[in-house]
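J.: Whatever this is, show me its structure:
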Amino acid sequence: MGRRVLVAGVGMIPFAKPGRSDTYNVMGERAIRAALQDAGIDYGLVQQAYAGYVYGDSTSGQAALYGVGITGIPVVNVNNNCATGSTALWLANQAVEAGIVECAIAVGFEQMRPGALVKHWVGDRPSPTSRFDAVLEELHGIDDSLPRAAQLFGGAGIEYVEKYGADPAFFAKIAVKSRAHAANNPYSVFRTPITEQEVLDSPHIFGPVTRLQACPPTCGAGAAILCSEEFARKHGLSPEVAIKAQAFVSDTETSFEPKSMIEVVGAGLTRRAARQVYEAAGVEPRDIRVVELHDCFTVNEALTYEALGLCEEGGAEKFVNDGQNTYGGQVVVGTSGGLMSKGHPLGATGLAQCTELVWQLRGQAEARQVEGVHLALQHNLGLGGVGVVTLYEKLS
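T.: Residues are numbered from 1 along each chain as shown. Reported below is the predicted structural model:
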């Protein structure tokens, strides 16, 4: 590990349903300005920028950043599926940690359209997720009338229930918990509480997945400014949060052989990234009080509890039923409401997670605040595949 990297400032905007947001460049600019104001610095001090988005033309990052300033700095546009925002954060962290720059910004934004995610480049080239689809096809078949992601994660849910004898209704409890947390988050799209029965009775999609167990497409933006300790001293800044450890991984052969839907959707990715972070930081999962994870489906949240080591393998059902994933339990997962309730604007998600955890560590999360937070863990997953796990620490 190189230099310690400080989180000088964070910012995000309230997420919105497609068609009810500003355009991507305006959303990105608003998040950047919020992060700059939070850090207490001028944009002219930023030396590199990493802009994450999935659905947009090349150089959309410049369009968002130029609204704040046209300073000639390198602007790197990043697309890594649903882990795009955390990939931008990882790149900014690397640049500062390695001493390449003293201050960098990561911004993520997404202007999405209604409906399930679709592939835009089809017909004349192979799909980048063909390996994942091949396992789904062999184990469950593929229904082109259903969202592909729901079939992948729904298939993982089927495997989990069969492997551990779990009652699939426990997945619905995760959605109820997410809405309860989102009720206290003004940045969240869906804040109305729901019941377990409402979740189970919502339209069925695939396997144990119903509509209220799948994250919605939303629009939004988030940003984080990272700097070195020397930069902070030079400019009179007093950041309260640092990145203690971070890991970025992609698939290995075990994602596809032996054939397992649980592995296809990233459980192995998460497990490896988490272990790297824990080893680098010298901490255990039990040391962590708050987590923002990639709950694109309730099934994935359950799988991620185990992959992050928050509970034992096969123990997610008991973990949920015992309330260990919420206030008063072992760890509070998704204080923001998570992707399920806050929304999932792909490029913005990783930076929104970062912002929520920084607020938690500073004690600025208002009604969502978890007491005694000194470490906070972020998990962001992208099929195709990529896993990013980041551990933040409160500075004394």
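J.: Gly28 looks like it's in a helix, true?
T.: Yes - counting by DSSP: H, G, I helix; E, B strand; the rest coil, Gly28 is located in a helix.
J.: and it, how many neighbours?
T.: When neighbours are counted by other Cβ atoms under 10 Å, Gly28 registers 35. C-beta: built from backbone N, CA, C; applies to glycine.
J.: Apart from its neighbours in sequence, what residue is nearest it?
T.: Spatial nearest neighbour of Gly28, excluding adjacent residues (Cβ to Cβ, 6 or more residues apart in numbering): Ala64 at 2.8 Å.
J.: Next: Val333.
T.: Ranked by Cβ to Cβ, 6+ apart and with sequence neighbours excluded, the top spatial neighbour of Val333 is Asn325, at 4.5 Å.
J.: list the contacts for that neighbour?
T.: When contacts are counted by Cβ atoms under 8 Å, 6 or more residues apart in numbering, Asn325 touches 174, 177, 305, 310, 319, 331-333.
J.: again, but for Ala221
T.: By Cβ under 8 Å, 6+ apart, the neighbours of Ala221 are 12-13, 24, 27-28, 30-31, 64, 107-110, 345, 348, 351.
J.: In helices, which of these fall?
T.: Among these, the members found in helices (DSSP state H) are 24, 27-28, 30-31, 64, 348, 351.
J.: May I see these arranged in TSV, with distance to Arg211 and pLDDT as well?
T.: Putting the ones in helices among the contacts of Ala221 into TSV (distance: Cβ to Cβ, whole Å; pLDDT from 0 to 100) gives the following:
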residue	distance to Arg211	pLDDT
Tyr24	26	97
Met27	26	98
Gly28	29	98
Arg30	30	98
Ala31	29	98
Ala64	32	98
Ala348	22	98
Leu351	27	98
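J.: quick one: Arg148 and Ser127, what's the gap?
T.: 9 Å (Cβ to Cβ, to the nearest Å).
J.: Overlap in contacts, the two.
T.: Asp133.
J.: Please say which of the two ends up with more neighbours.
T.: Using other Cβ under 10 Å, the more surrounded residue of Arg148 and Ser127 is Arg148, with 21 against 13.
J.: In contact with the more buried one, which residues are there?
T.: Here Arg148 is in contact with 117, 129, 133, 136, 142 (Cβ under 8 Å, 6+ apart).
J.: Could you dump these into CSV with distance to Ala88 and secondary structure added?
T.: Shown next, in CSV, are these (distance: Cβ to Cβ, whole Å; DSSP: H, G, I helix; E, B strand; the rest coil):
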residue, distance to Ala88, secondary structure
Leu117, 19, coil
Thr129, 21, coil
Asp133, 27, helix
Leu136, 29, helix
Ile142, 32, coil
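J.: So Tyr327: helix, strand or coil?
T.: Put simply, Tyr327 is coil when judged by three-state DSSP.
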